[in-house]
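*Asks:* Show me how the following folds:
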Amino acid sequence: MSNPIKNIVIVGGGTAGWMAASYLVRALQQQANITLVESAAIPRIGVGEATIRVCRKCSSTFSGYRSGSGCPR
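*Replies:* Numbers count the residues shown, from 1 in each chain. Prediction:
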């Protein structure tokens, strides 16, 4: 690739924005700058139970996080 992409901006946080940012950071291995832009004016909406399984899989696959490895009980 003669002109590789150096900067990527993800507009909108939420579940999809954060998963996209997490994936790109891991997939591109610091070959590009990833910026996620969220609005402070938009209140957070609770994540529905239907997304928990997807979020856990995404977290372990893209970020290397393993459920239960973070906080001691």
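*Asks:* Flag the shaky bits of this protein, pLDDT-wise.
*Replies:* 1, 44-73 (pLDDT under 70).
*Asks:* show me where it has strands.
*Replies:* Counting by DSSP state E, one finds strands in the chain at the ranges 7-11, 33-37.
*Asks:* any chance of these in JSON lines, plus distance to M19?
*Replies:* (C-beta placed from N, C-alpha, C; glycine too.) As requested, these are arranged in JSON lines below (distance: least, C-beta to C-beta, whole Å):
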{"stretch": "strand 7-11", "distance to M19": "10"}
{"stretch": "strand 33-37", "distance to M19": "11"}
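*Asks:* Would you format these as a markdown table with mean neighbour count and distance to V25 included?
*Replies:* What follows is these, written out as a markdown table (neighbours: other C-beta atoms under 10 Å; distance: least, C-beta to C-beta, whole Å):
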| stretch | mean neighbour count | distance to V25 |
| --- | --- | --- |
| strand 7-11 | 12 | 10 |
| strand 33-37 | 13 | 5 |
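*Asks:* number of nearby residues for M19?
*Replies:* Neighbour count of M19, defined by other C-beta atoms under 10 Å: 20.
*Asks:* Please report how far it lies from L28.
*Replies:* Taking C-beta to C-beta, to the nearest Å as the measure, M19 and L28 are separated by 15 Å.
*Asks:* What of L36?
*Replies:* Distance from L36 to L28, by C-beta to C-beta: 14 Å.
*Asks:* How about A21?
*Replies:* Taking C-beta to C-beta, one finds A21 at 11 Å from L28.
*Asks:* Find residues that contact each of these two.
*Replies:* With contacts taken as C-beta atoms under 8 Å, 6 or more residues apart in numbering, A21 and L28 have I34 as neighbours in common.
*Asks:* These two - which one has more neighbours?
*Replies:* Of the pair A21 and L28, A21 is the one with more neighbours under other C-beta under 10 Å, namely 19 against 14.
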